[in-house]
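S.K.: Would you be able to build a 3D model of this:
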Amino acid sequence: MDPDFDEFLHVPARLSIVALLAPADWVEFGFVRDAVGTSDSALSKQVTALADAGYVEVRRTRSRTGRHAHLRLTPHGRQAFRRHASALERIVAAARNPPA
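M.R.: Predicted structure coming up:
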């Protein structure tokens, strides 16, 4: 197995979340929920796991319209995603170009 392949990050829900966060700065929780197509509770569970692993930072705020949560990748999370994506690209490239 490729040493950059991240088993923790490869869980489909987690991979979808970090891929969505990768090109952005702060992203609203509701936007991530809708884009990933999951429930608040399922997203919250995955975000907690990602935050506990140091991949995602959560910022919670209150305003007149209610409570809001925003998410972003940490530098560690951004690096982990890049490494994992590179590992996936190498795996796919090897499958496309099998040895003679």
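S.K.: so residue 56 makes contact with residue 75?
M.R.: No: look at residue 56 against residue 75 with C-beta atoms under 8 Å: they stay out of range, at 11.5 Å. Where C-beta positions appear, they are placed from N, C-alpha and C, glycine not excepted.
S.K.: out of those two, which sits in the busier spot?
M.R.: residue 56 (23 against 9; other C-beta atoms under 10 Å).
S.K.: got the phi/psi numbers for that one?
M.R.: Residue 56 has phi and psi values of phi -130, psi 140 when expressed as degrees, to the nearest 10.
S.K.: Now do the contacts for it.
M.R.: Under the criterion of C-beta atoms under 8 Å, 6 or more residues apart in numbering, the contact list for residue 56 reads 17, 18, 21, 47, 50, 71, 72, 73, 74, 77.
S.K.: Ranking by neighbours, what's the top pick from those residues?
M.R.: In the contacts of residue 56, the most neighbours by other C-beta under 10 Å go to residue 17, 29 neighbours.
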